[in-house]
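Asks: sequence first, then the predicted structure, then my questions.
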Amino acid sequence: MKKRKYLLTGLGVAAFCALAILLALVWKTNRPSAEAGKKQVTVEVVHSDGAQVEFTYETDLEYLGELLKEEGLISGTESEYGLFVDTVDGETADYSLNGSWWRLSCNGTDAETGVDGVVLRDGDTYTWTYTVG
Amino acid sequence: MRNSSAKELALFSLLGALTFAAKMAMAQFPNIEPVSLLVMLLAVCYGWRGLYAVYLYVFLEFAMWGLGLWSFCYLYIWLILFILARALRRMESPLGWAVLSGCFGLLFGALCALVYWIVGGWASAVSWWIAGIPMDITHGIGNFVIALVLFRPLRRYLNTLNRRYGFPAP
């Protein structure tokens, strides 16, 4: 009986390790890969008053976060998830004050990662929209 | 809840609030959370009544952070862990509980992706899940270690308190 319990626990631990390794492999084989070389991208900013500003950049950088930080378009707080953006093009969104935040979309679709994880691709358009709620 | 229920109401309110407070206290450690451990303990030590505390915790999360897509996930994800813990309530091995909590942490993103599948389709759900895998791995390892170290002593402690204050075993 005791032997069976040990066996079951051992199998459980093995299953946990196998699952963790499997997930790591899935992530490694599917994560978006960076694109080398020069890229031209467009960044749109939709401010709280509805005003839209457009910026065009040519860059060799690979991630949107590094580009926009280098250009001084965004700022915020660094966390373990990357940069938490609170200011875009000089306007600050303060969630604790009025529930506002900056929504990031890539070619019209909400970004699936933080700005530091968005891979730059030639011709893409990234939009920051001041959002409340 | 009937008459003895004022006491129970107070207990489960306290446990729900405690779960939320513990989560907030550990918020500085990304994806290392005590909620999975506490949900398992509630299932094992209080039976189905423990769900009062679980859903009070969920309500407090909604009240604190507002509603979003993740809110739908919170409505069922803790229930899944609760049901599994309830089914395994006779298990004594701390390693067994660590495996349950760890696997739950590893699969947290996949389980939450169901909401994204319904709202945005299969491709959206899969890409959302894959982007979060590093966080799921941290979550799984954190859950494993926390449950391995704390599940057994806290279970004993809660059972002792329950006997002392006259809360019937589930």
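Replies: Sure thing, it's come through. Residues are numbered from 1 along each chain as shown, chains lettered A, B, ... in the order given.
Asks: flag every residue of chain B that's near chain A.
Replies: Counting by Cβ under 8 Å from any Cβ of the partner chain, the positions of chain B adjacent to chain A are B:30, B:66, B:93, B:95-96, B:98-100, B:102-103, B:106-107, B:127-128, B:130-131, B:133-137, B:140-141, B:144. (C-beta placed from N, C-alpha, C; glycine too.)
Asks: and those, which are buried?
Replies: When the residues of chain B next to chain A are checked for burial by 16 or more other Cβ atoms under 10 Å in any protein chain shown, the buried set is B:93, B:95-96, B:98-100, B:102-103, B:106-107, B:127-128, B:130-131, B:133-137, B:140-141, B:144.
Asks: pLDDT score assigned to A:Y81?
Replies: With respect to pLDDT, A:Y81 has a value of 60.
Asks: next: the one 3 residues further on.
Replies: At A:F84 the predicted local distance difference test score is 85.
Asks: helix, strand or coil for it?
Replies: At A:F84, secondary structure determined by DSSP: H, G, I helix; E, B strand; the rest coil is strand.
Asks: wait, it sits on A:I74?
Replies: No: counting by Cβ atoms under 8 Å, A:F84 stays clear of A:I74, with 10.4 Å between them.
Asks: please say which of these two ends up with more neighbours.
Replies: Comparing A:F84 with A:I74 by other Cβ atoms under 10 Å in any protein chain shown, the one with more neighbours is A:I74, at 22 against 14.
Asks: need phi/psi at the more buried one.
Replies: Note on A:I74: its backbone torsions stand at phi -130, psi 160 [degrees, to the nearest 10].
Asks: who's in contact with the spatially closest residue to it that is not a sequence neighbour?
Replies: Leaving aside its sequence neighbours, A:I74 sits nearest to A:L68 (Cβ to Cβ, 6 or more residues apart in numbering or on different chains; 4.5 Å). Neighbour list for A:L68: A:V43, A:I74, A:V115 [criterion: Cβ atoms under 8 Å, 6 or more residues apart in numbering or on different chains].
Asks: with B:L69 instead?
Replies: Neighbouring residues of B:L69 by Cβ under 8 Å, 6+ apart: B:V115, B:Y116, B:V119.
Asks: verify the contact between B:Y74 and B:E61 for me.
Replies: Yes: in this structure, B:Y74 is within contact of B:E61 by Cβ under 8 Å, at 6.2 Å.
Asks: for chain A, just list every one of the strands.
Replies: Assigned by DSSP state E, the strands in chain A fall at A:39-46, A:52-59, A:74-79, A:82-88, A:91-92, A:100-106, A:109-110, A:125-132.
Asks: list the contacts of A:E54.
Replies: By Cβ under 8 Å, 6+ apart, A:E54 lies in contact with A:T42, A:V43, A:E44, A:V45.
Asks: biggest helix in the chain, by residue count?
Replies: Using chain A. Counting by DSSP state H, the longest helix found in chain A is helix A:2-30.
Asks: not what I meant, chain B
Replies: Secondary structure assigned by DSSP H gives helix B:133-164 as the longest helix of chain B.
Asks: gap between the residue sitting nearest the centre point of chain A and chain B?
Replies: Nearest to the geometric centre of chain A sits A:G114, at 1.9 Å (Cα atoms, centre = their mean). A:G114 sits 9 Å away from chain B when distances are taken as Cβ to the nearest Cβ, to the nearest Å.
Asks: that residue touches A:G65, doesn't it?
Replies: Yes: judged on Cβ under 8 Å, A:G114 makes contact with A:G65 at a distance of 7.4 Å.
Asks: ok now do B:M91, which residues does it touch?
Replies: Contact analysis of B:M91 by Cβ under 8 Å, 6+ apart lists B:W97.
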